[in-house]
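A.B. asks: Sequence and predicted structure, then a few things I'm wondering about:
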Amino acid sequence: GNSVTQMEGPVTLSEEAFLTINCTYTATGYPSLFWYVQYPGEGLQLLLKATKADDKGSNKGFEATYRKETTSFHLEKGSVQVSDSAVYFCALLTSGTYKYIFGTGTRLKVLA
Amino acid sequence: DGGITQSPKYLFRKEGQNVTLSCEQNLNHDAMYWYRQDPGQGLRLIYYSQIVNDFQKGDIAEGYSVSREKKESFPLTVTSAQKNPTAFYLCASNPGPRNEKLFFGSGTQLSVL
C-alpha cells in the first residue's frame, strides 16, 4: 500500500543553519506530494506541494523537489529561524482518491 | 473569516461515556475528514466524507461514529468502545477532487478521567 517515511526527530539547529528533512514515499501511480507544518497547539497548514515529477514546491524560503527516480520529496531551507520551530509532516495523495497518507512528522527546534 | 472551527479545545471523558467533538466549516467545502494524532505516530484517518449524507471509514474507525447531515458540519462521536481515546483530534476539509489542499481546524485534545 501507499506509505510515507520521514526522518525521525527532533532535529535541533542553530539559527541560520541549513535544514534538510528527508521524506520518501511508496505509491502506485503518480501521487501529489505535500509538506504541512504544525505549530504548537494548532492544526496543520499547507507549506508547499508538488503535483508531478521534477516539480519544485516553494514557500517562505522552504523548498522541496519531487524526485520520482528516488521516490523522495526532501524539505530544505537555507537559513532557519527560531520561528520555524514546529512539526513538519510529509504527505501524499494518490490521484483520483480522497485519502491522504501522512508521515509521522519531524519536530524541528531552532535555537537562537 | 472563513475557516474550520473545532470545539471544545479540551474535553474529558469518563469511563463508559460517549463524547462528541464538533467540527464546523464555512468554506463551502465538499469533503471533510477526521484524523487522530498520537505522539510519534503522525496522523491517522478515522472517517471521511465526500458529500452530504455519505461517509467512509478510514484506517482506525473502530470505536468512532460520524454523521454528515449538513455540508458545513461533521461531528465525531468517540464511543465507549474506543478503549484508548486519549489523543489530539483534527478535523479537516477540502474543496473537492480538483483542489488538493487540506484545511485544518485547531484541534481538540481528548483525555480520559
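C.D. replies: Ah, there it is. Predicted model, so just to flag it, every value in this text is computed and none were measured. Numbers count the residues shown, from 1 in each chain, chains lettered A, B, ... in the order given.
A.B. asks: residues contacting the residue of chain B found nearest chain A?
C.D. replies: Residue nearest to chain A within chain B (C-beta to the nearest C-beta): B:Phe104, separated by 3.1 Å. Just so you know, the C-beta spots here come from the backbone N, C-alpha and C atoms, and that holds for glycine as well. Shown in contact with B:Phe104 (C-beta atoms under 8 Å, 6 or more residues apart in numbering or on different chains): A:Gly43, A:Leu44, A:Gln45, B:Ile4, B:Leu90, B:Cys91, B:Ala92.
A.B. asks: dump the residue contacts of the nearest residue to A:Asn59 once chain neighbours are set aside.
C.D. replies: Leaving out its chain neighbours, the residue that sits closest to A:Asn59 by C-beta to C-beta, 6 or more residues apart in numbering or on different chains is A:Leu48, at 4.5 Å. Contact analysis of A:Leu48 by C-beta under 8 Å, 6+ apart lists A:Phe34, A:Trp35, A:Gly57, A:Ser58, A:Asn59, A:Phe62, A:Glu63, A:Ala64.
A.B. asks: Among those residues, which ones are in helices?
C.D. replies: Using DSSP state H, no member of those sits in helices.
A.B. asks: can you point me to the longest strand in chain B?
C.D. replies: Criterion DSSP state E: the longest strand present in chain B is strand B:42-51.
A.B. asks: residue ranges of the strands in chain A, please?
C.D. replies: Going by DSSP E, chain A shows strands at A:3-6, A:11-14, A:19-21, A:23-26, A:32-38, A:44-50, A:56-59, A:62-65, A:75-77, A:86-93, A:100-102, A:106-111.
A.B. asks: Strand partners (parallel or antiparallel) of the fifth one?
C.D. replies: Taking DSSP bridges as the criterion, strand A:32-38 pairs within the sheet with strand A:44-50 (antiparallel), strand A:86-93 (antiparallel).
A.B. asks: How about that strand, which residues are buried there?
C.D. replies: A:Ser32, A:Leu33, A:Phe34, A:Trp35, A:Tyr36, A:Val37, A:Gln38 (16 or more other C-beta atoms under 10 Å in any protein chain shown).
A.B. asks: Not counting sequence-adjacent ones, nearest residue to the fourth one?
C.D. replies: In other words, A:Trp35. A:Leu47 (4.4 Å).
A.B. asks: For A:Ala112, which of the strands paired with strand A:32-38 is the nearest?
C.D. replies: Between A:Ala112 and these, the tightest spacing by C-beta to C-beta is seen for strand A:86-93, at 15.6 Å.
A.B. asks: which outside residues touch that closest one?
C.D. replies: Here strand A:86-93 has contacts from A:2, A:4, A:6, A:9, A:21, A:23, A:25, A:27, A:31-40, A:44, A:47, A:73, A:75, A:99-103, A:105-108, B:42-43, B:100, using C-beta under 8 Å, 6+ apart.
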